[in-house]
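K.L.:
no sequence for this one, just the structure:
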């Protein structure tokens, strides 16, 4: 059940039932099942970016496997630590430590543990031929076990390795095979990874508009998942997948450089994504403190309606998720009813937010940040704003000026070849 909830993006429910599984296994003294439940919790923690919590759960599982002499379980635990220390979104990234964990896993269970575990390290360190080989080994192993999701992940890694060595045709072939398998899966993370690889592949195929659409679809999926998480997990998810916004902004900059007539429009779109990402990160961290205090500015009836509508929306989303993943075929009429009710509820929420913005604009600005467009910046005559967006690869700068009190004009949108880390190193010494 915990796996089912996780695969459908209901991570709070997943964590809750998995913790109940730990409690039950502990009560009956079943250390092996308790350990596997801790591993499942770790998987969910990684999904939302709670990496430190994931390490704690994995270490707990590893110790319990050791107590019951389950060498395979120990190996799986060490293997999962490889992921924690090698995934591109992990803040605990340490390739040397990941290699050490892999060696321990391989020693415990040489038959099960393969170089497939090291694919992510190979991809991030430029060892693309080794990444391709490891991916193929993993695909064959997963196919032998009939594990469709595992095969799809292997094919997506193979696609990344292929395009990195210049084999776009091979990358497209691997991706298409993965897409066919993902169509048979209900796993939300796998679907998200497919979108991410699709966007990056399309960019490398120079199909930039299609790549842009894929990035936007992926961001919409992430934002949808956020609505079902606790405040802490929303913040972790924002931090974990912030690099996707960075890649989207870099793509828009690249498109603008190649299309001067549309450069201004693309720069404005990049600015909008940069601002909405920062606004949501603030809302999901410090903003929660302000939201709690400012909620009292809402009239009681409006606040109750807000709680009721969002609760109703989440319940309908959960019902649609469960119906799409169950083996029992839902009646078309029932699915249409749920979708119609969801659409109606979304319309009511839209109307509610209009009221909230009128009655409590400061609360609404933090709780429900809106896209900020360059043309809407409140600049007065002869005022200029300089906006920075730092990413892992470069820094982007917008200079916007209001000459006569009328419209705002984009003076410049350019890239500085200095990554976020370059600025952090210098600021941290002040």
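P.N.:
Ah, there it is. Just so it is clear, the model here is predicted, and its values are computed rather than measured.

K.L.:
Please identify the buried residues of stretch 400-420?
P.N.:
400, 402, 408, 410, 413, 415 (16 or more other C-beta atoms under 10 Å). C-betas here are computed from N, CA, C, even on glycine.

K.L.:
Would you mind giving the secondary structure of the fifth one?
P.N.:
I take that to be residue 413. Here residue 413 is recorded as strand under DSSP: H, G, I helix; E, B strand; the rest coil.

K.L.:
cool, the fourth one as well?
P.N.:
For residue 410, the secondary structure call by three-state DSSP comes out as strand.

K.L.:
Over to the first one?
P.N.:
Classification of residue 400 into helix, strand or coil gives strand, according to three-state DSSP.

K.L.:
now it: how far from residue 268?
P.N.:
To residue 268, residue 400 is 9 Å away according to C-beta to C-beta, to the nearest Å.

K.L.:
which neighbours do those two share?
P.N.:
Common neighbours of residue 400 and residue 268 (criterion: C-beta atoms under 8 Å, 6 or more residues apart in numbering): 374, 410.

K.L.:
ok, residue 116 - contacts?
P.N.:
134, 135, 137, 138, 141, 154 are the contacts of residue 116 under C-beta under 8 Å, 6+ apart.

K.L.:
Going by neighbour count, list what's buried in the one helix or strand the third one maps to.
P.N.:
The reference is to residue 137. According to DSSP states H and E, residue 137 maps onto helix 128-145. Across helix 128-145, burial judged by 16+ other C-beta under 10 Å covers 128, 130, 131, 132, 133, 134, 135, 136, 138, 139, 141, 142.

K.L.:
And stretch 86-106, by the same measure?
P.N.:
Buried residues in stretch 86-106, counted by 16+ other C-beta under 10 Å: 86, 87, 90, 93, 95, 98, 101, 102, 104, 105, 106.

K.L.:
what's the average pLDDT for it?
P.N.:
For stretch 86-106, mean pLDDT rounds to 90.

K.L.:
measure that stretch end to end?
P.N.:
16 Å (C-alpha to C-alpha, to the nearest Å).

K.L.:
do the same with stretch 259-268
P.N.:
Stretch 259-268: ends 14 Å apart by C-alpha to C-alpha.

K.L.:
What of stretch 79-91?
P.N.:
Distance across stretch 79-91, first residue to last, is 18 Å (C-alpha to C-alpha).

K.L.:
Then stretch 350-368?
P.N.:
Using C-alpha to C-alpha, one end of stretch 350-368 lies 11 Å from the other.

K.L.:
How far off centre is that stretch?
P.N.:
Stretch 350-368 has its C-alpha centroid displaced from the chain centroid by 27 Å (C-alpha atoms, centre = their mean, to the nearest Å).

K.L.:
now stretch 154-174
P.N.:
22 Å.
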